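Chemist: Sequence first, predicted coordinates after that:
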Amino acid sequence: MSVNLNYLNKQITKNWQQFLRHFEVEEYKENSKMIAGVCPVHGGDNPTAFNWYVHKGGGWKCYTHACEKHFYSTPLGLVRGLLSRQKHDWNHEEDNSSSLGEAIYFTLSFLKINNKKISSQPKNNDKKNFALHEKQHKEKNMIKKIERSFIRQSLQIPADYYLKRGYSAKILDKFDVGLCCNSQKPMYNRVVVPIYEDSGQYAIGFSGRSIFEKCNLCNSYHNPKGACPSEKNGKTAKWIHSYGFKTQNNLYNIWNAADEIYQTKTAILVEGPGDVWRLAEADIHNSLAILGTNFGKQQRILLDGLGAYSLLIIMDGDVNGVGRKAAQRIKKQCEKAYEITIVEMDDHKDVGDLTVEQINKKIKPLLKIEEKKYR
Ligand SMILES: [Zn+2]
Ligand SMILES: [Zn+2]
């Protein structure tokens, strides 16, 4: 049986009286659209502050405290608010609250719904998302898919460049990271990182890192034996992407991470492929790289389809604070639907710079905390 959040919202609305009874909400007035009473989420004493449209859509609103802004105005958001009140005596934004995951679990067991798969796919009636889906779908079909076996034949795997940076041959082989030695190809003299679709069988794009370091004279990444490029062009950039590939529409490692995220209900968001590899070396397989510091709408849709309740955000610890700001931005974008933990990195470091031992010490305990919530 497949359960999605939309379905749960409908079930809560249908069984509204049962839910109110459980949370000891006894005094309210009812009309053809809604019920009105004291807000059961923050407490208070205004007898008409809380409106729940039990006969019209299921949304709710708290006119004194705007509690729905904190928990989301869906029926599940209300259940989350009621649980927070019950468990943590929630009354104010800064108080501890229950997670969306807890609300889902509570609802499933309260209504005795047999849960095999909870998918938080966007609702069909959400026109904006739907339009975006359509557009992506078309674009996706226009991109030529390349078979994995062909990619492996075309590259020198494992890439020496990353071996020298401390990655194991095993992990580079697992992720098909290799050097492009074909001078006819745009990725020539670059380490190619293939990005696969969810099945892992076909690449939908490639990122390529120059094997040269930054030139002190022109700041680009060309072969130091040759002259600096006469004008600035993309060809000597540190990273380039294959034609038509849009980083903001894809999540790197989704093909490995999807199952693990579904099992653990937790996803880790990192910046780049190197972070994903290092975590995988530490036997952590639920990480996704957002390929930069911007978390796009399409990436959010992809993430929402994976069934996570908790997010660990680990952006780079760069000195100018770009990573830190990105983490805050993603938190804002996702905090109504996910339980968020931001993992701060030290200056100059990203997850890819850590050793496996450091990851075991810093990241694994945080994952254990999340794991316990959903067991
Ligand atoms: Zn309220
Ligand atoms: Zn130069």
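Modeler: Sure, I can see it. Owing to the predicted nature of the structure, the values given are computational and were not obtained by experimental measurement. Ligands and ions are numbered 1, 2, ... in the order given.
Chemist: What parts of the stretch 51-200 of the chain come near ligand 1?
Modeler: Within reach of ligand 1 by Cβ under 5 Å from the ion, the stretch 51-200 of the chain has these residues: 62, 65, 67. Any C-beta I mention is one placed from the backbone N, CA and C, and that applies to glycine too.
Chemist: from these, which ones fall inside strands?
Modeler: Among these, the residues falling in strands (DSSP state E) are Cys62.
Chemist: Outline the domain layout of this protein.
Modeler: 2-119, 144-243, 249-374 (automatic domain parsing).
Chemist: so how far is the first residue of the longest one from its last?
Modeler: Looking at domain 249-374, the gap from its leading to its trailing residue is 29 Å under the measure Cα to Cα, to the nearest Å.
Chemist: returning to what we had before: how about the residues of the stretch 51-200 of the chain next to ligand 1 in a markdown table, adding neighbour count and distance to Cys215?
Modeler: A markdown table is the format used below for these (neighbours: other Cβ atoms under 10 Å; distance: Cβ to Cβ, whole Å):
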| residue | neighbour count | distance to Cys215 |
| --- | --- | --- |
| Cys62 | 25 | 59 |
| His65 | 19 | 58 |
| Cys67 | 28 | 56 |
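Chemist: distance between the lengthiest strand in the chain and the chain's centre?
Modeler: For the chain, the longest strand by residue count, based on DSSP E, is strand 202-210. Centroid separation for strand 202-210 versus its chain: 21 Å, with Cα atoms, centre = their mean, to the nearest Å.
Chemist: host element of Ile104?
Modeler: helix 100-110 (DSSP states H and E).
Chemist: quick one: buried residues of that helix?
Modeler: Neighbour counts using 16 or more other Cβ atoms under 10 Å place 100-108 of helix 100-110 among the buried residues.
Chemist: Check stretch 29-48 too.
Modeler: Per 16+ other Cβ under 10 Å, stretch 29-48 contains these buried residues: 34-42, 44.
Chemist: export those residues to JSON lines and tack on secondary structure, distance to ligand 1 and pLDDT?
Modeler: As requested, the buried residues of stretch 29-48 are arranged in JSON lines below (DSSP: H, G, I helix; E, B strand; the rest coil; distance: Cβ to the ion, whole Å; pLDDT from 0 to 100):
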{"residue": "Met34", "secondary structure": "coil", "distance to ligand 1": "15", "pLDDT": "93"}
{"residue": "Ile35", "secondary structure": "strand", "distance to ligand 1": "14", "pLDDT": "95"}
{"residue": "Ala36", "secondary structure": "strand", "distance to ligand 1": "13", "pLDDT": "94"}
{"residue": "Gly37", "secondary structure": "strand", "distance to ligand 1": "11", "pLDDT": "94"}
{"residue": "Val38", "secondary structure": "coil", "distance to ligand 1": "9", "pLDDT": "95"}
{"residue": "Cys39", "secondary structure": "coil", "distance to ligand 1": "3", "pLDDT": "96"}
{"residue": "Pro40", "secondary structure": "coil", "distance to ligand 1": "8", "pLDDT": "96"}
{"residue": "Val41", "secondary structure": "coil", "distance to ligand 1": "5", "pLDDT": "96"}
{"residue": "His42", "secondary structure": "coil", "distance to ligand 1": "4", "pLDDT": "94"}
{"residue": "Gly44", "secondary structure": "coil", "distance to ligand 1": "6", "pLDDT": "82"}
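Chemist: quick one: the strands in the stretch 201-350 of the chain?
Modeler: Listed in chain order, the strands of the stretch 201-350 of the chain (DSSP state E, counting those that start in this stretch) span 202-210, 239-241, 266-270, 287-289, 310-314, 339-342.
Chemist: can you list the residues that contact the helix holding Ile104?
Modeler: Contacts with helix 100-110, where a contact means Cβ atoms under 8 Å, 6 or more residues apart in numbering, come from 3, 5, 8, 11-12, 18-19, 22, 76-77, 79-80, 83, 113, 115, 118, 265, 309-310, 337-339, 373-374.
Chemist: Quick check: the gap between the most centrally placed residue in the chain and ligand 1.
Modeler: Taking Cα atoms, centre = their mean, the centroid of the chain lies closest to Leu303, which sits 4.6 Å from it. Leu303 is 29 Å from ligand 1, where distance means Cβ to the ion, to the nearest Å.
Chemist: go on, Cys228?
Modeler: Counting by Cβ to the ion, the gap from Cys228 to ligand 1 is 63 Å.
Chemist: what does Ala49 give?
Modeler: 6 Å.
Chemist: Extract the CA atoms of stretch 197-214 and return them as PDB.
Modeler: The C-alpha trace of stretch 197-214 is given here as PDB (Å, rounded to 0.1, in the frame of the first residue of the first chain):
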ATOM      1  CA  GLU A 197      19.800   9.100 -13.300                       C
ATOM      2  CA  ASP A 198      18.000   7.300 -10.400                       C
ATOM      3  CA  SER A 199      18.500   3.800 -11.700                       C
ATOM      4  CA  GLY A 200      22.300   4.300 -12.000                       C
ATOM      5  CA  GLN A 201      22.400   2.800 -15.400                       C
ATOM      6  CA  TYR A 202      22.500   6.000 -17.600                       C
ATOM      7  CA  ALA A 203      24.400   9.200 -17.200                       C
ATOM      8  CA  ILE A 204      22.400  12.400 -17.600                       C
ATOM      9  CA  GLY A 205      25.400  14.600 -17.300                       C
ATOM     10  CA  PHE A 206      29.100  15.000 -16.500                       C
ATOM     11  CA  SER A 207      31.200  17.300 -14.400                       C
ATOM     12  CA  GLY A 208      34.800  17.700 -15.200                       C
ATOM     13  CA  ARG A 209      37.500  19.000 -12.900                       C
ATOM     14  CA  SER A 210      40.700  20.400 -14.500                       C
ATOM     15  CA  ILE A 211      43.700  18.300 -13.500                       C
ATOM     16  CA  PHE A 212      45.800  21.500 -13.400                       C
ATOM     17  CA  GLU A 213      46.000  23.900 -10.500                       C
ATOM     18  CA  LYS A 214      45.100  27.600 -10.600                       C
END
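Chemist: Many thanks, I have nothing further to ask.
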